[in-house]
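Enquirer: sequence and predicted structure are below.
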Amino acid sequence: MTIPRFPAELPAPRPQGYAHQRFDPRRRRTYDAGPPKFARRYSAVGRTITMTMLLWAWQRAVFDRFYIEDCAEGSRPFYMTDHRIDGLP
C-alpha cells in the first residue's frame, strides 16, 4: 500500500484559514486515591489540519477525486507539505 500525496496542482491554502492541532496521545487512568496516572495511548500521534482554499471547478474535481478515491473518504493517511514552512520564499 502506497501512501498518497496531496495533489501538487492545487493551490496553497489561504493563511487566514490554516491551522493544525495534534491529538492527545495520553490515556488517563484514575484511581480511588492519589493523583491520576497518564500512559501512552497511541504509538504515532496524528494531527488535525484545518484549511481554506479558493478553487476553480476543475480543481474541486481534483480534490474530490483525491479525497474520495485516494484517501477512501478520509479513512487513509496521506502526505502533505506544510505550506507555512515549505512554501516560504
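Expert: Alright, I've got the coordinates.

Enquirer: how about the strands of this protein, start to end?
Expert: 19-22, 26-29, 37-40, 47-50 (DSSP state E).

Enquirer: so what's the residue count around Pro13?
Expert: Using other CB atoms under 10 Å, Pro13 is surrounded by 19 other residues. (Each C-beta comes from the backbone N, C-alpha and C, glycine too.)

Enquirer: hmm, Thr52 and it touching each other?
Expert: Yes: counting by CB atoms under 8 Å, Pro13 does reach Thr52; the two are 6.1 Å apart.

Enquirer: for the most far-flung residue of the chain relative to its centre, give its distance to Arg14.
Expert: Distance from the centre of the chain peaks at Ala33, with 38.1 Å (CA atoms, centre = their mean). Noted for Ala33: a distance of 51 Å to Arg14, by CB to CB, to the nearest Å.

Enquirer: which helix in the protein has the most residues?
Expert: Across the chain, the helix with the greatest residue count (assigned by DSSP state H) is helix 57-65.

Enquirer: then stretch 41-60 to CSV, C-alphas only?
Expert: Once non-C-alpha atoms are left out, stretch 41-60 reads as follows in CSV (Å, rounded to 0.1, in the frame of the first residue of the first chain):
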residue,chain,number,x,y,z
ARG,A,41,-2.5,5.6,24.1
TYR,A,42,-1.1,5.7,20.5
SER,A,43,2.3,4.8,19.1
ALA,A,44,2.0,7.6,16.5
VAL,A,45,0.3,10.9,17.1
GLY,A,46,-1.9,12.3,14.3
ARG,A,47,-3.0,15.9,13.8
THR,A,48,-6.0,17.7,12.5
ILE,A,49,-5.4,20.3,9.8
THR,A,50,-8.0,22.9,9.0
MET,A,51,-7.5,24.9,5.8
THR,A,52,-9.4,27.2,3.4
MET,A,53,-8.7,27.1,-0.3
LEU,A,54,-10.1,29.1,-3.3
LEU,A,55,-10.6,26.5,-6.1
TRP,A,56,-11.9,26.6,-9.7
ALA,A,57,-14.3,23.9,-10.7
TRP,A,58,-11.6,21.6,-12.2
GLN,A,59,-9.6,22.0,-9.0
ARG,A,60,-12.6,21.0,-6.9
